[in-house]
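1. What follows is a protein structure lacking sequence information:
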């Protein structure tokens with residue numbers, strides 16, 4: 001019996017149909033058992049942040065460091081007052097897994113000192129955005145809100161290193177950084193060995209993944225001027241803020257900028273180390 005022959009056109013059509021039914025992923029076809037929701041085609045979720053918990057804030061600063069930042073602690077003679085002053089007061093929070101803080105306030109014969117330490121753990125609820133990326137975005141907003149001065153352009157035409165502290169903001173001839181956007185005034189405790197530009201609000205390069213320092217002098221009112229130094233840094237998905245303020249008792253006295261910045265930066269470095277950053 002003679003076999004029925006197929007023409008070239010019919011053979012080509014059969015080959016195309018068979019290829020479409022049995023195509024492999026390598027050849028561009030879709031296997032029979034594949035579907036849009038399979039693991040091979042699903043988008044991989046962004047990585048979670050390094051930190052899943054936060055430290056106990058009022059225990060994050062040791063007693064020796066507190067004594068350096070709050071000199072009035074040494075003047076307290078009442079035992080209960082001393083214990084309360086060292087213990088600090090936790091800030092109000094509704095989710096201790098996401099945000100915690102502690103504040104201290106101590107008065108001395110020379111000044112009133114305040115300290116605030118704040119921890120925020122950032123979690124992204126977008127599968128396409130990692131916790132670290134979300135924290136980086138939030139930290140950028142925080143840095144922008146501080147309105148840090150832009151770095152000065154050097155003679156070579158390139159900006160000076162952001163961590164050098166050189167900025168276009170006016171310098172305080174007495175060695176104390178002025179408030180952001182405020183006119184400068186002499187300080188009662190000058191630091192002649194330190195260039196005024198080194199004390200300006202600036203980005204820091206040696207702390208966490210990214211960091212900045214702000215230094216503001218409140219000149220409002222007729223009372224003694226209060227200086228507030230803020231050091232903020234990010235390590236992975238945790239943002240840490242140290243806010244250190246001092247208001248002298250004597251009207252006209254100005255808190256020393258270098259001394260306060262050194263103390264705040266030292267505490268920030270200790271907190272970063274405790275986080276493993």
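-> Yes, it's here. Keep in mind the model is a prediction, meaning the values are calculated, not measured.
2. so residue 215 touches residue 200, yeah?
-> Yes. Applying Cβ atoms under 8 Å, one finds residue 215 in contact with residue 200, separated by 7.2 Å. Where C-beta positions appear, they are placed from N, C-alpha and C, glycine not excepted.
3. so residue 84, which of the three states?
-> Following DSSP: H, G, I helix; E, B strand; the rest coil, residue 84 is assigned to helix.
4. can you check residue 206 too?
-> Quick answer, by three-state DSSP: residue 206 is coil.
5. Now do residue 96 against residue 45, distance only.
-> Going from residue 96 to residue 45 by Cβ to Cβ, to the nearest Å gives 25 Å.
6. Within its local environment, how many residues does residue 206 see?
-> By other Cβ atoms under 10 Å, the residues close to residue 206 number 10.
7. can you pull the pLDDT of it?
-> pLDDT recorded at residue 206 is 90.
8. From residue 96, how far out is it?
-> Distance, residue 206 to residue 96, by Cβ to Cβ: 30 Å.
9. again, but for residue 76
-> Using Cβ to Cβ, one obtains 29 Å as the distance from residue 76 to residue 96.
10. Among these two, which residue is more densely surrounded?
-> Neighbour count, other Cβ under 10 Å: between residue 76 and residue 96, residue 76 has more, with 18 against 14.
11. Leaving out the residues flanking it, which one is nearest to that one?
-> Take residue 76 and drop its neighbours on the chain: the residue closest to it by Cβ to Cβ, 6 or more residues apart in numbering is residue 82, 4.5 Å away.
12. how about the strands in this protein?
-> Here the chain has its strands, by DSSP state E, at 89-90, 99-107, 111-121, 202-204, 210-218, 226-235, 238-248.
13. closest one to residue 67 among these?
-> strand 99-107 (9.7 Å; Cβ to Cβ).
14. quick check: angle from the closest one to strand 111-121?
-> Angle of strand 99-107 versus strand 111-121, following axes from the mean of the first three to the mean of the last three Cα atoms, to 10 degrees, is 170 degrees.
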